[in-house]
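*Asks:* Sequence first, predicted model second:
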Amino acid sequence: MLALRKGLQARGTKSAKRKLKKLRERESRYVTAVDHAATKALVSHYGAGTLYVLEDLTGVRKATEQVRIKQRYVTVSWCCYEFRKMLEYKALLTGSRVIAVAPAYTSQDCPICGNRAKENRNRKRHEFQCRKCGYRSNDDQIGVMNLYLAAPESIPA
């Protein structure tokens, strides 16, 4: 779809703009359908009384100004807020909760000793190794652990 969009934008004719509008609407319906399917799967799999902790991704569109143009479309085309709202209303129906936690430094902080350093994370290899205590893991797992630890007051004992 990306190549088709690029070609239509370059053409700039009235018919190309019509096709772009239809393409945009089709992409929007697809994203909404995938969001509904994913949120339904989460809520039905984990059931009632679950706490869903998400990254607060407000402002992600501005942050993508520093991302390469080829990767920018993929990052910006998915609506994180829409996904969060769908999950919130479906979770509410089952007696679950959704909270959003600030994502800053979640992949750089060590969940064991609390050391924060850019050097802890190797982005290319998706590896995390604490320079202070030596703890090693996948950087995405570290991010999830730190999101969990960021909201202890919301998590029932």
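*Replies:* It's in.
*Asks:* Go through the helix ranked longest in the chain and flag the buried ones.
*Replies:* Counting residues, the longest helix found in the chain (DSSP state H) is helix 14-46. Buried residues in helix 14-46, defined by neighbour count with 16 or more other C-beta atoms under 10 Å: Lys19, Leu20, Asp35, Thr39, Leu42, Val43. All C-beta spots, glycine's among them, are computed from the backbone N, C-alpha and C.
*Asks:* Buried ones in the helix or strand just after that helix, by neighbour count?
*Replies:* Note on helix 14-46: by DSSP states H and E, the next helix or strand toward the C-terminus is strand 51-55. Within strand 51-55, the residues scored as buried using 16+ other C-beta under 10 Å are Tyr52, Val53, Leu54, Glu55.
*Asks:* Kindly reformat the residues you listed as JSON lines containing distance to Leu8 and pLDDT.
*Replies:* Listed next are those as JSON lines, based on distance: C-beta to C-beta, whole Å; pLDDT from 0 to 100:
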{"residue": "Tyr52", "distance to Leu8": "38", "pLDDT": "91"}
{"residue": "Val53", "distance to Leu8": "40", "pLDDT": "88"}
{"residue": "Leu54", "distance to Leu8": "34", "pLDDT": "87"}
{"residue": "Glu55", "distance to Leu8": "33", "pLDDT": "84"}
